[in-house]
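Peer 1: A predicted structure for the sequence below; I have some questions about it.
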Amino acid sequence: MRRETKIGLLAVISIAIGIIGYKYLNGQNVLSRSLILYAVYDDVNGLQPSAPVWLHGFQVGLVTNLYQKPDDIKKIVVVLDIDKNIKLPKDAVAELITYNPMGGKAIVLKFEGTCSGDDCLKSGDYIRAESKGVLASMLPQDEVKQYLELLSSGLTSLIDTLTGQVAGEEGPMADLAQTAANLRALTGRLDGMLARSSASITGTLDNAHSLTEALKASQADLQQSLSNLAALSRQLKEADLGKTVGQANDALAGFQAALTDVQQAVNNLNTLLQNINNGQGTLGKLAADPALYDELKEASRQASLLLEDLRLHPKRYTRILSKKEIPYGK
């Protein structure tokens, strides 16, 4: 046998085993025939595939599929897979119940007597379907009646007790009567107060009306004021006041530094003038000694004459070997 053939057979066997295992885990035995019945419900109340099918509390099958009835889409067809050894008469009922408070659903088979041969349901037949509510599903009918009777007797006793308390002279009815009398007295006092203060109330209402009219008349001015405030707020926002204040602070800091420098220069100038007045330094000596001033003036005059002579007789200062002298002019 070729290797490819062996691989194909192994794959087919694996798939078959997987399908059989899945059916087995769901409660179906594909290796044996079952009794397939159909039940039609108006509402399955959340019934799911793989829900159990019970007979006297013993699981004899499960729900394998649910679908809408082709000729009536308002009906739901439930497919029941039941053990082939179970014999069900044709008047059997598949009752849909809720078996726990969490909403678990199951199908309960109910019937009377036994059947044999053609009197029993066969695969492909439809079984009569019924549904029970949550309370009826979880409690037997006799217990439901007993609970209802206990509830009725308890409510009757409670109502009788309340009636006796209400009808007593010192019971709630007396308190209600006293409360009603107090309310009547309070209502009378309120009527008197309103009658005495009606003029004041009317004046207050008139004033309120006048104020309303005044506000209505000045509505345009108020609107304009609000518009101006909005425009001013928008301009202030666009002006970036924080940045402007920061720049102003920087300018003030620079101006303060400049003032400091100017003050320092003024102080230096005052010191210099004081030194001159005290005769300290060259300028001080010039200011305090007139003779020195005259000598400097004379030296300045002589320097001017020398420069003038140099301009008029440059050869006098450039000769080297000539012995001819050029006389000075006045």
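Peer 2: Noted; the coordinates are in hand. Residues are numbered from 1 along each chain as shown.
Peer 1: all contacts plus neighbour counts: C-alpha atoms, from now on.
Peer 2: Will do.
Peer 1: quick check, residue 180 in a helix?
Peer 2: Yes. Assessed with DSSP: H, G, I helix; E, B strand; the rest coil, residue 180 lies in a helix.
Peer 1: Identify the residues contacting it.
Peer 2: Contact partners of residue 180, counting by C-alpha atoms under 8 Å, 6 or more residues apart in numbering, are absent.
Peer 1: pLDDT value on it, please?
Peer 2: With respect to pLDDT, residue 180 has a value of 83.
Peer 1: And it, how close does it get to residue 187?
Peer 2: For residue 180, the distance to residue 187 equals 10 Å [C-alpha to C-alpha, to the nearest Å].
Peer 1: again with residue 99
Peer 2: 61 Å.
Peer 1: From residue 184, how far out is residue 190?
Peer 2: 10 Å.
Peer 1: pull the CA atoms of stretch 208-217 into CSV?
Peer 2: Taking Å, rounded to 0.1, in the frame of the first residue of the first chain, the C-alpha atoms of stretch 208-217 are listed here in CSV:
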residue,chain,number,x,y,z
ALA,A,208,-41.9,92.8,40.5
HIS,A,209,-43.9,93.6,37.4
SER,A,210,-42.4,97.1,37.2
LEU,A,211,-38.9,95.6,37.7
THR,A,212,-39.5,93.1,34.9
GLU,A,213,-40.7,95.8,32.5
ALA,A,214,-37.6,97.9,33.3
LEU,A,215,-35.3,95.0,32.7
LYS,A,216,-37.2,94.2,29.5
ALA,A,217,-36.8,97.9,28.3
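Peer 1: Now that stretch: buried residues?
Peer 2: If you call a residue buried by 16 or more other C-alpha atoms under 10 Å, then stretch 208-217 has no buried ones at all.
Peer 1: now do stretch 297-313
Peer 2: So for stretch 297-313, counting by 16+ other C-alpha under 10 Å, buried means residue 309.
Peer 1: I'd like the average pLDDT over it.
Peer 2: 82.
Peer 1: what about dumping the CA coordinates of it to CSV?
Peer 2: The C-alpha trace of stretch 297-313 is given here as CSV (Å, rounded to 0.1, in the frame of the first residue of the first chain):
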residue,chain,number,x,y,z
LYS,A,297,49.9,128.7,28.3
GLU,A,298,53.4,130.0,27.4
ALA,A,299,54.6,126.5,26.4
SER,A,300,51.5,126.2,24.3
ARG,A,301,52.4,129.5,22.6
GLN,A,302,56.0,128.5,22.0
ALA,A,303,54.8,125.1,20.5
SER,A,304,52.5,127.0,18.1
LEU,A,305,55.4,129.3,17.0
LEU,A,306,57.6,126.2,16.4
LEU,A,307,55.0,124.6,14.3
GLU,A,308,54.5,127.8,12.3
ASP,A,309,58.2,128.1,11.7
LEU,A,310,58.4,124.4,10.6
ARG,A,311,55.6,125.2,8.1
LEU,A,312,57.2,128.3,6.7
HIS,A,313,60.9,127.1,6.6
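Peer 1: Doesn't residue 129 belong to a helix?
Peer 2: No. Under the criterion used here (three-state DSSP), residue 129 is strand, not part of a helix.
Peer 1: Can you pull out the low-pLDDT segments for the stretch 151-300 of the chain?
Peer 2: 162-174, 239-242, 244-245, 282-289, 292 (pLDDT under 70).
Peer 1: Helices along the chain, start to end?
Peer 2: For the chain, the helices defined by DSSP state H occupy 3-25, 134-138, 141-167, 172-196, 198-217, 219-239, 241-277, 281-288, 290-312.
Peer 1: what packs against the last one?
Peer 2: Okay, so that is helix 290-312. Secondary-structure packing of helix 290-312 (3 or more C-alpha pairs under 8 Å, 6 or more residues apart in numbering; DSSP states H and E): helix 281-288.
Peer 1: gap between residue 124 and residue 68?
Peer 2: Residue 124 is 17 Å from residue 68, by C-alpha to C-alpha.
Peer 1: sorry, that was for residue 62
Peer 2: 19 Å.
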